[in-house]
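Enquirer: 3D model of this:
(chains A, B, C and D)
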Number of protein chains: 4
Amino acid sequence: MSIFTSLQKFVICVSAGKRCFSRVGFIGLGNMGGHMARNILRNGHKLVVFDVNESAVSNLTEVGADRASDPTEVVKDVEVVVSMLPSNQDVLDVYNIKNGLLSSAKRDTLLIDSSTIDPFVSQILAKEAEKMSVNFIDSPVSGGINAAKDGTLTFMVGGSKENFELAKPLLKSMGSRIIHCGNVGMGQAAKLCNNMLLAISMIGTAEAFNLGQKLGLDPKVLANIVNSSSGRCWSSELYNPVPGILDNVPSSKNYEGGFGVTLMAKDLGLVQAAAAKVEASIPFGSLAHQIYRAIIAQGFTKKDFSFVYQFLKGQQQL
Amino acid sequence: MSIFTSLQKFVICVSAGKRCFSRVGFIGLGNMGGHMARNILRNGHKLVVFDVNESAVSNLTEVGADRASDPTEVVKDVEVVVSMLPSNQDVLDVYNIKNGLLSSAKRDTLLIDSSTIDPFVSQILAKEAEKMSVNFIDSPVSGGINAAKDGTLTFMVGGSKENFELAKPLLKSMGSRIIHCGNVGMGQAAKLCNNMLLAISMIGTAEAFNLGQKLGLDPKVLANIVNSSSGRCWSSELYNPVPGILDNVPSSKNYEGGFGVTLMAKDLGLVQAAAAKVEASIPFGSLAHQIYRAIIAQGFTKKDFSFVYQFLKGQQQL
Amino acid sequence: MSIFTSLQKFVICVSAGKRCFSRVGFIGLGNMGGHMARNILRNGHKLVVFDVNESAVSNLTEVGADRASDPTEVVKDVEVVVSMLPSNQDVLDVYNIKNGLLSSAKRDTLLIDSSTIDPFVSQILAKEAEKMSVNFIDSPVSGGINAAKDGTLTFMVGGSKENFELAKPLLKSMGSRIIHCGNVGMGQAAKLCNNMLLAISMIGTAEAFNLGQKLGLDPKVLANIVNSSSGRCWSSELYNPVPGILDNVPSSKNYEGGFGVTLMAKDLGLVQAAAAKVEASIPFGSLAHQIYRAIIAQGFTKKDFSFVYQFLKGQQQL
Amino acid sequence: MSIFTSLQKFVICVSAGKRCFSRVGFIGLGNMGGHMARNILRNGHKLVVFDVNESAVSNLTEVGADRASDPTEVVKDVEVVVSMLPSNQDVLDVYNIKNGLLSSAKRDTLLIDSSTIDPFVSQILAKEAEKMSVNFIDSPVSGGINAAKDGTLTFMVGGSKENFELAKPLLKSMGSRIIHCGNVGMGQAAKLCNNMLLAISMIGTAEAFNLGQKLGLDPKVLANIVNSSSGRCWSSELYNPVPGILDNVPSSKNYEGGFGVTLMAKDLGLVQAAAAKVEASIPFGSLAHQIYRAIIAQGFTKKDFSFVYQFLKGQQQL
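Expert: Sure thing, here's the model as predicted:
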């Protein structure tokens, strides 16, 4: 299935002008990680993978990856590992200083965590890594499952300039934009800030279009006005939550696909925790978290996050 | 001071292909209205004006306008009147059915209210106007004082298609974009929805940049990321509230000029009232109103609305 | 059905030591007004009633009331009228200066409005009444349908001390507590402030008990602690929203009966409008309004206002 | 200074009918802990204390306590230790499994943590304690500095029934109410739920009284109405935030003394973190946190938490 020959791979390594990671470890083969791992294979790297879900592992071994029996086995004979895990705790468990990546990695190994987690957890791991002369960067992604599949993810990277440059060629095999955001944790920070603003402007868009329609405005007229005025935002222009304004967005497909409410609620939970630690005032960020929790509490767990438009509109008018 | 000759004016009227308003009435010569009236004069119309503020009137008579002693005198011998007033009550007083515009206007007069008010008040006035065979449209503006001065305002017009076309050439003398939003009241509705979304995305931007900086992110790096990602909005791109990111926006000029917090609070008060009437859910719109009220309560009445960034940041860290 | 003889009525009037209202007008015979009118009859007054709902009128004429064909006929030959209407607009229509109570009332008539409405509407009516030498007081009630039935309502009265004393004996026939709150409008103001605080502390109670249970606390233990500590409020002590803590409250009866979410949303809408007019900061009052609107939007229109506990708890956990 | 003789102490132990803690360890001698430790001394116990602040230690050694050089020395030869520390991290450091209380305590030692912290941290410590056959309970307090001084604190205890009974006599020397809330962590949970509801009802009270006054209500009249109606809460009755309604509350003393805004913000931060973990919806709890953060950001760090009334009222009216 690989579309790259080893010659091509060789060329990639040389052109990168630095350490060449011929063999890569990958931990966490879920909805996102599975596609990301495949794209690494497609780019000609050898791959060793681990996941607690056996069928997720088989999907990768079928296309040429090797299987490891635990995270420490992944890191044993590679110089770079990518992890893509669902929560702070999963990341802590996998990197665990006692019998995880951090204790088993060889000197100078590069550990790349693409999970979306608390930036302070990333920083704790980086500190531990440093003690062991291991390199750590955080590089959470945006773009969702389709971008993971197509290899067009955006990576927001936190870490030293040197480690950023080291990781870049490998990240390029999975994404189209690789952005250096600052020291370790800043990848997470950038992602959380962006997604908080996304949630806020989506809810604002949902409110504005609900109000407009109840006042008698045609939503297409309102979209034209807002999108050429100061109310313009990504949610109103490219992801409008009102069915029928844009094709190919979740609102026109019964709010299926896209970026689910539970993922948004997870990110907003991380925002909340981070803001509490640094004592930042985020009244709208907090309320956005609560609104997504309320949507979930009402049972709409499978919907795209633009469903907030329907939630506020309601099923029934007085 | 007029830069148009009567010949030019004649051409304008003919090219408009409809009723030609050679003489125009104007009521309300405040920060916005004064500039708007001047632009009408500049376009070659004769003008008769009224304001309770004598010096505002003198500024216009000095450049060629006639003075009226009250609103009814304004409407006596013109076929079109533009009003630009600060509140629902002012509009109700000026249009008053007993001794205001509505009772004194000749049949077929066109009354254009550019005040930002409750859309339901616009609709009440339109109904009264109809009984008297007078035409009424609402056409609130966006763009602020500079656009009023330069004649580049956006007019959001509510009224019949016919009245919209009738008003358009005159509005063109004051603005660059004249948008038909629907029936009477829909100009107000569109403006309120846009400004609510503006307030929400500005507060969201302020929160995201405050949080980012406290987490250690460089605000310029964050701006680059957000503005090329899903968090992008007009406030982050073109009116960033963090000093030093953009030149020539209020945040880089001590939050002076621009769109003041009291004006934003006024618009959000109208939003609140309109939403209550139609029973629309606007949790963020309501909270935005309260946040601007709190900023005003703390004494920052003269600041641009992007000052919310400083308000949330605070003077003092624990 | 009347349980008072005319002798008893005579005694009441004398003991009141002032003008005796032998015949009373009543407008608005809904869920509350119907019971209130009956209690006036039971206290020995003659009664003339009006409602747009014919069967509501019949219920009263069957027990001895006279029927009027419109509000002006009610006021024709009585010296006191009580109104109990659902909205600002209904009150404005019934009191209309052109062909309503205010234009038809004889000099010195006492008009008592027990509707819950905007305090500024009450004040407008009082001003008009004064011009016509008619007396007006606002006296909204609390206590709900059961208290209306039992004659144990609380009346919060706004008006002159003199008018308050004049109305008191009649109000006593419908309620057990008659409180003078200040000038006209202050009855409404007191009711709105109380109900806003009620909504806020109920939502707070709902949040605290939801959080406590998810953390593992027994809700009965938590109720004991809160009710003997600084978190104590009427909602936690006497109207606890968690099923099974108190008997005979709506939460233990599937949230039926009680004070419905739509009535609470109505009162919070009035709060919002009043706060906007006087520019008061009410972040929680605003958000409470939005939360009740969201509950209604999800279709729970028939539930008691303590249902917010279930709404926040949700149907489903992740 | 001790007011109890050793005979009295002996009687206390016997009457408790269980293990007698003749010598007690105490860690954390701050504003609260200092008074609590003195009350233990006054009740006839021997005491060994530790704090990083030397003068806090001297204050206690002057009245008879022994000094320890670190937490492990405190626990060396006592069977019970009370800790009263400012944050999660301080507690984790003092109890540290490597060289803190948990590793140094003898089998069956009772460790009582009276700090207000994350209930999940309490549960982690209890689990570690269990592995080492050491007993752990959480017992945060309410009542503030005056109650600490007077020995009238309320202790909310989480732990086994057996450990609760064991701790009770000692806690009685510092408090008047000792409540068993459930398993470990439930003391923290009860305190956090109570304080969240307290913050919410205080803010609600502040809003209601601000709105009432702006509408024209006398605040004393409003207090009478609310306190005999459904809006009643501890904050309106016993801690009214409007100056002049109650004597001897912070609002009548320039908002000095009492329960400071920074302590309330700290507790609400713990609430937020706990709610995020168990995915509880707390829209008002979140917003309360943000409001106290905004008060602090504006520089009012020394004020009692009832100062929110002044904050919402503002310095300046439009």
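Enquirer: for chain A, give me the ranges with low pLDDT.
Expert: A:1-20, A:315-318 (pLDDT under 70).
Enquirer: next, count neighbours for the residue in the stretch 151-300 of chain A that chain C sits nearest to.
Expert: Residue of the stretch 151-300 of chain A nearest chain C, by C-beta to the nearest C-beta: residue A:297 (2.4 Å). To be clear about C-beta, it is placed using only N, CA and C from the backbone, and glycine gets the same treatment. Other residues near residue A:297 come to 23 when the count uses other C-beta atoms under 10 Å in any protein chain shown.
Enquirer: residue A:153 too?
Expert: Going by other C-beta under 10 Å, the residues that sit close to residue A:153 add up to 27.
Enquirer: identify the residue nearest it in space, chain neighbours excluded?
Expert: Nearest residue to residue A:153 in three dimensions, chain neighbours excluded: residue A:175, at 3.7 Å (C-beta to C-beta, 6 or more residues apart in numbering or on different chains).
Enquirer: residue contacts, that neighbour?
Expert: A:141, A:143, A:147, A:151-155 (C-beta atoms under 8 Å, 6 or more residues apart in numbering or on different chains).
Enquirer: closest to chain D among those residues?
Expert: residue A:141 (22.6 Å).
Enquirer: ok, for the closest one, nearest residue in space, not its chain neighbours?
Expert: Per C-beta to C-beta, 6+ apart, closest to residue A:141 is residue A:153, 4.4 Å.
Enquirer: any idea how far the one you found is from residue C:130?
Expert: According to C-beta to C-beta, to the nearest Å, residue A:153 stands 72 Å off from residue C:130.
Enquirer: over to residue A:34?
Expert: 78 Å.
Enquirer: ranges for the strands of chain A?
Expert: Ranges of strands in chain A, per DSSP state E, are A:23-27, A:46-50, A:66-67, A:80-83, A:110-113, A:135-138, A:141-142, A:153-158, A:175-182.
Enquirer: and residue C:274, which of these is closest to it?
Expert: Taking C-beta to C-beta, strand A:141-142 is the member of these nearest to residue C:274, at 44.3 Å.
Enquirer: the closest one - contacts with which helices or strands?
Expert: Contacts defined by 3 or more C-beta pairs under 8 Å, 6 or more residues apart in numbering or on different chains; DSSP states H and E place strand A:141-142 against strand A:153-158, helix A:186-215.
Enquirer: one more time with 6 Å
Expert: strand A:153-158 (3 or more C-beta pairs under 6 Å, 6 or more residues apart in numbering or on different chains; DSSP states H and E).
Enquirer: just give the nearest non-adjacent residue to the residue of the stretch 151-300 of chain A closest to chain C, would you?
Expert: residue C:314 (2.4 Å).
Enquirer: who has more neighbours, residue A:34 and residue C:130?
Expert: residue A:34 (22 against 12).
Enquirer: any idea how far chain D is from that one?
Expert: 26 Å (C-beta to the nearest C-beta, to the nearest Å).
Enquirer: I'd say the residue nearest to residue A:297 and residue A:295 touch.
Expert: No: Residue C:314 is not in contact with residue A:295 according to C-beta atoms under 6 Å; the separation is 9.3 Å.
Enquirer: what about the two, which has more around it?
Expert: residue A:295 (25 against 19).
Enquirer: and that one, what is it in contact with?
Expert: For residue A:295, the contacting residues are A:261, A:311, by C-beta atoms under 6 Å, 6 or more residues apart in numbering or on different chains.
Enquirer: do that again at 8 Å, thanks
Expert: Residue A:295 is in contact with A:261, A:303, A:307-308, A:311, counting by C-beta under 8 Å, 6+ apart.
Enquirer: ok so, going back, isn't the residue nearest to residue A:141 up against residue A:142?
Expert: Yes: counting by C-beta atoms under 8 Å, residue A:153 touches residue A:142, with 7.1 Å between them.
Enquirer: neighbour-wise, which one of the contacts of residue A:175 leads?
Expert: Highest neighbour count within the contacts of residue A:175: residue A:155, with 29 neighbours (other C-beta under 10 Å).
Enquirer: write out the residues of the stretch 201-318 of chain A neighbouring chain D.
Expert: A:265, A:269, A:272-273, A:276, A:279-283, A:286-287, A:289-291, A:293-294, A:296-297 (C-beta under 8 Å from any C-beta of the partner chain).
Enquirer: redo that, cut-off 6 Å
Expert: Residues of the stretch 201-318 of chain A lying close to chain D (C-beta under 6 Å from any C-beta of the partner chain) are A:269, A:272, A:276, A:281, A:283, A:286, A:290, A:293-294, A:297.
Enquirer: what's the distance between the residue nearest to residue A:297 and residue D:230?
Expert: 26 Å.
Enquirer: try residue A:108
Expert: 68 Å.
Enquirer: number of nearby residues for the residue lying closest to residue A:252 once chain neighbours are set aside?
Expert: Nearest non-adjacent residue to residue A:252, counting by C-beta to C-beta, 6+ apart: residue A:243, 5.4 Å away. The number of residues packed around residue A:243, counting by other C-beta under 10 Å, is 17.
Enquirer: now swap in residue A:62 and tell me
Expert: For residue A:62, the count of nearby residues is 9 (other C-beta under 10 Å).
Enquirer: from residue A:174, how far out is it?
Expert: 19 Å.
Enquirer: kindly report the same for residue A:22.
Expert: According to C-beta to C-beta, residue A:22 and residue A:174 sit 17 Å apart.
Enquirer: higher neighbour count, those two?
Expert: residue A:174 (28 against 15).
Enquirer: and the more buried one, what does it touch?
Expert: By C-beta under 6 Å, 6+ apart, the neighbours of residue A:174 are A:36, A:39, A:151, A:153.
Enquirer: can you list the residues of the stretch 151-300 of chain A near chain C?
Expert: Counting by C-beta under 6 Å from any C-beta, the residues of the stretch 151-300 of chain A near chain C are A:297, A:299.
Enquirer: what residues does the stretch 151-300 of chain A put near chain B?
Expert: So the stretch 151-300 of chain A meets chain B at A:181, A:186, A:189-190, A:193-194, A:196-198, A:200-201, A:203-204, A:207-208, A:210-212, A:214-215, A:217, A:221, A:225-226, A:229-234, A:275, A:278, A:280-282, A:284-285 (C-beta under 6 Å from any C-beta).
Enquirer: picking that back up, what about the residue nearest to residue A:252, distance to residue B:190?
Expert: Counting by C-beta to C-beta, the gap from residue A:243 to residue B:190 is 20 Å.
Enquirer: check residue A:298 too.
Expert: 31 Å.
Enquirer: what about the two, which has more around it?
Expert: Using other C-beta under 10 Å as the criterion, residue A:298 and residue B:190 rank with residue B:190 on top: 33 against 15.
Enquirer: let me see the contact set for that one.
Expert: A:225, B:156, B:181.
Enquirer: what of residue A:223?
Expert: residue A:245.
Enquirer: cool, the one 5 residues further on as well?
Expert: With contact taken as C-beta under 6 Å, 6+ apart, residue A:228 is in contact with no other residue.
Enquirer: how near is it to residue B:152?
Expert: If you go by C-beta to C-beta, the gap between residue A:228 and residue B:152 works out to 13 Å.
Enquirer: kindly report the same for residue A:128.
Expert: Applying C-beta to C-beta to residue A:128 and residue B:152 gives a distance of 58 Å.
Enquirer: the closest residue to residue A:260 other than its chain neighbours: neighbouring residues, count only.
Expert: Spatial nearest neighbour of residue A:260, excluding adjacent residues (C-beta to C-beta, 6+ apart): residue A:304 at 6.4 Å. Using other C-beta under 10 Å, residue A:304 has 24 neighbouring residues.
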